[in-house]
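Engineer: Next come a sequence and a model predicted from it.
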Amino acid sequence: MLKKRLIFTLLYSSGLFMLSRNFRLQAVGNLDWLQRNYDFSRISNYIDELVVLDVTREKRNLDEFCEVLKSITLDNFVPITAGGGVKDVDSARKLLRSGADKIMINSAIFNNSNLAKVLSEEFGQQCVVGSIDLKRSRSGEFQVWSEDGGKLNDVPARELLKRVLKESVGEIYLNSMDRDGTGQGLDLEILELLPERVSKPIILAGGAGNSSHLMVGLEDSRVDAVATANLFNFIGEGLKEARQELVSGGIVLPMWDLEFRTMHEKSRPHSLGSHE
Amino acid sequence: MKKIKATVIDYGMGNIWSVTSALKYLGCEVDVSSDALMIEKAQILILPGVGSFRKAMNALISMNLEAPILNAVQNRKAKFLGICLGMQLMGTKSTEDGETKGLGLIPSSVEKFSSAEVADRKVPHIGYNQVHFDSDENLFKGISGNQDFYFVHSYRMLPPDWKAGVSTCNYGVEFLAAYENENIFATQFHPEKSQTNGLKLLDNFLKA
């Protein structure tokens, strides 16, 4: 049976990791901070996938981001999705050579509608994740935003989702801008925008602040994976505890035997995090 | 103890970093190479791969790597592991982007999951799924039967009609999840992305 997935999303901007609240960014710490508080070679034992996004609003530095990606993914043996400003095959390839397995695209869905097709022709459709940011209007209707939440697109959300589901993307990442970083829980009403039969995996993000929020998302049959980007709520042992609560709450998550790793690291002559 | 040395074939289509990172973690010395001579001489070869079959096969051919790979595997009996698209390339042919011939190391062709096979399941098949294996001697040594491995693919190979060395996964249809035959090994899933289960499997491959 195919298992549901728990995804952790990291937001990176010009050397720093960010907490986002309704898409307003607040710097939390640099790579050292991240590794002190989120030792990914350990935490990756408790998540099923990692998403790392370069959310730099000014000029992004792809080479620098690739180096950061390499550090984070060292000794981290889960799938990695990277994104943020991917415009062509070359930048996608660079990310794929720096630890990424999949590429997330967002604004390109609107301003470079050929990108998904080009990337999937090169790397396969399963390599492309389409991310869609949704925000409610005053009247409560979901609207679609792009450019890091800076640009409102006039295409109705329902129509856009229908279109993107037909495009060359392997998965769809639906993010609630209203709930983003609030810890108020995922917005399941977003799922109402989907057509009745959805042929691609759906990842729901935005608002999960604790394990019961994640649980509600994972229990929904329309959801294949849930993601949280809340750096404060899952600090330290947070992800480990959340996973344990999900499993004891009856969510069927992937299983692996952690003993091999513990044994291997004990017997390894060199120190952790270094392959030299 | 002498370090085991593996050569990862770089033909521009792989998640090279992830594969080498896992091998190094296991204490293996890794060469990443697109050099035909090095591949010709290697003892352990790994063919990773993310992308479309036709592009990947064309890349192998245009880089003059097909013959050195086949020579190493078939004549010199170098140990060989194909991962994901790397496994599919070992098949006889694929229908992805028009029919393309494969390396022919596994007697099975590569086709897209049909809607009849998967019924109401989503394609691509993305996520962790259970692998059913008969033998726990080589690749699956020390791995218990209910463990999960990470898959991400829209095309699949069907298992050949014998059991030895054939492992399957069910996604509406029983498809080929892993294959072993003498010095030839392959996994449709990504061991380098399958946590400790995958590390253990890679370790088994290196020591097989």
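Structural biologist: It's in. Numbers count the residues shown, from 1 in each chain, chains lettered A, B, ... in the order given.
Engineer: Can you give me the neighbour number for B:C169?
Structural biologist: 24 (other Cβ atoms under 10 Å in any protein chain shown). C-beta: built from backbone N, CA, C; applies to glycine.
Engineer: Not counting its neighbours along the chain, what's nearest it?
Structural biologist: Among residues not flanking B:C169 along the chain, B:A177 sits closest, at 3.9 Å (Cβ to Cβ, 6 or more residues apart in numbering or on different chains).
Engineer: you'd agree that neighbour is up against B:H190?
Structural biologist: No - when contacts are counted by Cβ atoms under 8 Å, B:A177 is not listed as touching B:H190 (11.4 Å).
Engineer: can you pull the contacts of residue 180?
Structural biologist: The chain I'm using is chain A. A:20-23, A:206-207, A:229 (Cβ atoms under 8 Å, 6 or more residues apart in numbering or on different chains).
Engineer: Correction: the question concerned chain B.
Structural biologist: B:135, B:138-139, B:165, B:186 are the contacts of B:E180 under Cβ under 8 Å, 6+ apart.
Engineer: Wait, a strand at it?
Structural biologist: Yes - counting by DSSP: H, G, I helix; E, B strand; the rest coil, B:E180 falls inside a strand.
Engineer: For PyMOL, write the select line for the buried members of the contacts of B:E180.
Structural biologist: In PyMOL syntax, the buried subset of these is picked out as below (16 or more other Cβ atoms under 10 Å in any protein chain shown):
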select buried, chain B and resi 138+139+165+186
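Engineer: pull the longest helix from chain B.
Structural biologist: When chain B is parsed with DSSP state H, its longest helix is helix B:195-207.
Engineer: Send me that helix as PDB with only the CA atoms.
Structural biologist: What follows is helix B:195-207, C-alpha atoms only, in PDB (Å, rounded to 0.1, in the frame of the first residue of the first chain):
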ATOM      1  CA  GLN B 195      16.100   5.900   4.700                       C
ATOM      2  CA  THR B 196      17.800   3.100   6.600                       C
ATOM      3  CA  ASN B 197      16.000   0.500   4.400                       C
ATOM      4  CA  GLY B 198      17.700   1.900   1.300                       C
ATOM      5  CA  LEU B 199      21.100   2.300   3.000                       C
ATOM      6  CA  LYS B 200      21.000  -1.300   4.100                       C
ATOM      7  CA  LEU B 201      20.100  -2.400   0.600                       C
ATOM      8  CA  LEU B 202      23.000  -0.400  -0.900                       C
ATOM      9  CA  ASP B 203      25.300  -1.800   1.700                       C
ATOM     10  CA  ASN B 204      24.200  -5.300   0.800                       C
ATOM     11  CA  PHE B 205      24.800  -4.500  -2.900                       C
ATOM     12  CA  LEU B 206      28.300  -3.200  -2.200                       C
ATOM     13  CA  LYS B 207      29.100  -6.400  -0.200                       C
END
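Engineer: for it, packing partners?
Structural biologist: helix A:259-267, helix B:16-25, strand B:148-153 (3 or more Cβ pairs under 8 Å, 6 or more residues apart in numbering or on different chains; DSSP states H and E).
Engineer: can you pull the buried residues of the shortest one?
Structural biologist: By 16+ other Cβ under 10 Å, the buried positions in strand B:148-153 come out as B:148-153.
Engineer: and which of those is nearest to B:M90?
Structural biologist: Nearest to B:M90, judged by Cβ to Cβ, of the buried residues of strand B:148-153 is B:H153 at 14.1 Å.
Engineer: who's in contact with that closest one?
Structural biologist: A:124, A:126, B:84-85, B:88, B:124-125, B:188.
Engineer: These into CSV, with extra columns for neighbour count and secondary structure?
Structural biologist: Listed next are these as CSV, based on neighbours: other Cβ atoms under 10 Å in any protein chain shown; DSSP: H, G, I helix; E, B strand; the rest coil:
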residue, neighbour count, secondary structure
A:G124, 28, coil
A:Q126, 27, helix
B:C84, 29, coil
B:L85, 30, helix
B:Q88, 28, helix
B:P124, 22, coil
B:H125, 25, strand
B:Q188, 28, coil
